[in-house]
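# only geometry, no sequence info:
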């Protein structure tokens, strides 16, 4: 199963990384990127580890460990589509 990022999810990730880069520097931004991407990329092994979403019917949500972000995704037979990566304080969908 392959992991596919939507343009919106990539945009979300870019906004997160720019924020950390400006607020805490390049090392922190790189560490945040590594944590988010690695946890999402591991979903292909066992996608059911992420809970079904009450916010967006038909999707699942992965809480990113040690960061205040949730990744929303669709699970298809041959691919996992990352829809968004949002801060837990954000009212979603907005």
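Great, that's in hand. Just so it is clear, the structure is predicted and the values come from calculations on it, not from any experiment.
# most distant residue from the middle of the chain?
residue 25 (21.0 Å; Cα atoms, centre = their mean).
# quick one: contacts for that one?
With contacts defined as Cβ atoms under 8 Å, 6 or more residues apart in numbering, residue 25 is in contact with no residue. C-beta coordinates here come from the backbone N, C-alpha and C atoms, glycine included.
# where along the chain do the strands fall?
2-5, 51-52, 60-63, 69-75, 79-87 (DSSP state E).
# Spatially central residue in this structure, please.
Short answer for the chain (Cα atoms, centre = their mean): residue 71, at 3.0 Å.
# Please tell me I have it right and it contacts residue 56.
No. Checked against Cβ atoms under 8 Å, the pair residue 71 and residue 56 is beyond contact range at 11.7 Å.
# quick revisit: mind putting the strands of the chain into CSV with mean pLDDT?
Formatted as CSV, these follow (pLDDT from 0 to 100):
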stretch, mean pLDDT
strand 2-5, 96
strand 51-52, 96
strand 60-63, 96
strand 69-75, 97
strand 79-87, 96
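# Packing partners of the longest helix along the chain?
Using DSSP state H to assign secondary structure, the helix with the most residues in the chain is helix 7-24. The helices and strands touching helix 7-24, judged by 3 or more Cβ pairs under 8 Å, 6 or more residues apart in numbering; DSSP states H and E, are helix 26-41, strand 79-87.
# Contacts for the first one, please.
Surrounding helix 26-41, the residues in contact under the criterion Cβ under 8 Å, 6+ apart are 3, 13, 16-18, 20-21, 62, 64-67, 69, 71, 73, 82, 85.
# Recalculate using a threshold of 6 Å.
Contact partners of helix 26-41, identified using Cβ atoms under 6 Å, 6 or more residues apart in numbering, comprise 3, 17, 20-21, 64, 67, 71.
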